[in-house]
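# Structure, please.
(one chain, ligands or ions: 1)
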Amino acid sequence: PVTVYPDQRTASVTVAARIAKLIKAKAESGEKAVLGLATGVTPIAVYAELVRLHKEEGLSFKNVITFNLDEYFPMQPNAAQSYVTFMNENLFNHVDIDKNNVHIPDGTLPQEDVAEFCLNYERLIEEYGGLDFQLLGIGRTGHIGFNEPGSAPNSGTRLVTLDDLTRSDAARDFGGKQNVPTKAITMGVGTIFKAREIILMAWSQKKAPIVKKAVEGEISGEVPATYLQLSDNVEFVLDEGAASELT
Ligand code: F6R
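Modelled structure (predicted):
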């Protein structure tokens, strides 16, 4: 299903409330909430609202386990552009999560160790019982995580090569496209698909053409987000700009 909100703030508050409800329901039954998280500009207001719920309404993250979708490769965790830095600044440093419960793909590994790392990442998600919830944005290539055009529907966590357009879109953060890493470690389409609840969010007219393809286009590896049409657990959460080309 597709839900369109008047603006991204209202949408973000609603998504944060859903995540908070999940965390609390799990806590009440003495269970962990296993969350798949995204970076980028899209989820910033969701994280800000979760921080507010923690600070003002007592939402605890003590029972929360997180797995981030992706990380650039190579990437040092303390670099300004790392997804570790992003998550710390936007969420983890401001809530009571145990940092041992946080998982983000490791951009510092020697390349020959990446495949084993990726298998372990998958295994760890399974050991926690799988992802209860996965938050997604969408790139202008149609990527989810960093599953670029050509990704297989059953792909797992792996090292990928970033699309040229994705690197252009990241150029500003890196002070020039030449500084954007050419690779990343990402959860696969298959990894994402196994989540019991998936929310893909997109804001602004800039995303309208790719949102139209993702929601209404033919299902194809050329636009990996179209695979989500095959899942019953997906909701597309849009603002009016992102929804503006839908029929
Ligand atoms: C980020 C991720 C990417 C982004 C996508 C949109 O962890 O996996 O798929 O969600 O590139 O990025 P923004 O939100 O910056 O437009």
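
# Could you tell me which residues of this structure lie near the ligand?
Selection of the chain residues close to the ligand by Cβ under 6 Å from any ligand atom yields 38-42, 69-70, 137-139, 143-146. The way it works is simple: take the backbone N, C-alpha and C, and place the C-beta from them, glycine included.

# Helices along the protein, start to end?
Secondary structure of the chain (DSSP state H): helices located at 8-28, 44-57, 83-90, 114-127, 164-174, 189-193, 208-216.

# out of the residues of the chain next to the ligand, who has the most neighbours?
Ile144 (30 neighbours; other Cβ atoms under 10 Å).

# give the contact list for that one.
Leu69, Leu136, Gly137, Ile138, Val189, Ile192, Leu200, Pro224, Ala225, Leu228 (Cβ atoms under 8 Å, 6 or more residues apart in numbering).

# and the two most separated of those?
By the measure Cβ to Cβ, Gly137 and Val189 form the most distant pair in these, at 14.7 Å.

# Count the neighbours of Leu159 for me.
Residue crowding around Leu159 was assessed by other Cβ under 10 Å; the count is 17.

# got it, and the one 4 residues further on?
By other Cβ under 10 Å, 18 other residues sit near Asp163.

# and it, what pLDDT?
If you check Asp163, the pLDDT there is 98.

# cool, Gln205 as well?
The model reports Gln205 with a pLDDT of 98.

# wait, isn't it in contact with Gly241?
Yes. Gln205 sits in contact with Gly241 when judged by Cβ atoms under 8 Å, with a separation of 4.1 Å.

# and those two? which has more neighbours close in?
Gly241 (18 against 14).

# Need phi/psi at that one.
As for Gly241, its main-chain torsions (degrees, to the nearest 10) stand at phi -60, psi -50.

# center of this protein, which residue is that?
Ala38 (2.4 Å; Cα atoms, centre = their mean).

# OK, contacts around that one?
Taking Cβ under 8 Å, 6+ apart as the criterion, Ala38 is in contact with Asn68, Leu69, Leu135, Leu136, Gly137, Gly145.

# Counting neighbours, what do you get for the fourth one?
By other Cβ under 10 Å, 26 other residues sit near Leu136.

# Quickly list what it is bridged to.
According to DSSP bridges, Leu200 are recorded as the beta-bridge partners of Leu136.

# ok, the nearest residue to Tyr121 once chain neighbours are set aside to the ligand distance?
For Tyr121, the nearest residue in space outside its immediate sequence neighbours is Thr157; the separation is 4.7 Å by Cβ to Cβ, 6 or more residues apart in numbering. Relative to the ligand, Thr157 is positioned 12 Å away (Cβ to the nearest ligand atom, to the nearest Å).

# Dihedrals phi and psi, Thr157?
Here the main-chain torsion angles of Thr157 (degrees, to the nearest 10) amount to phi -60, psi 130.

# Double-check it against Thr191; I have them as touching.
Yes. In terms of Cβ under 8 Å, Thr157 counts as a neighbour of Thr191; the distance is 5.7 Å.

# okay, and the common contacts of the two?
Shared contacts of Thr157 and Thr191 (Cβ under 8 Å, 6+ apart): Glu122.

# Can you read off the pLDDT for Asn147?
Residue-level confidence at Asn147 comes out at 98, pLDDT.

# Now do the contacts for it.
With Cβ under 8 Å, 6+ apart as the criterion, the residues that contact Asn147 are Ser155, Val160, Thr186, Gly188, Val189, Ile192, Pro224.

# from the helices of the chain, which stretch is densest packed?
The densest packing among the helices of the chain, expressed as mean neighbour count by mean count of other Cβ atoms under 10 Å, is seen in helix 189-193 with a mean of 22.
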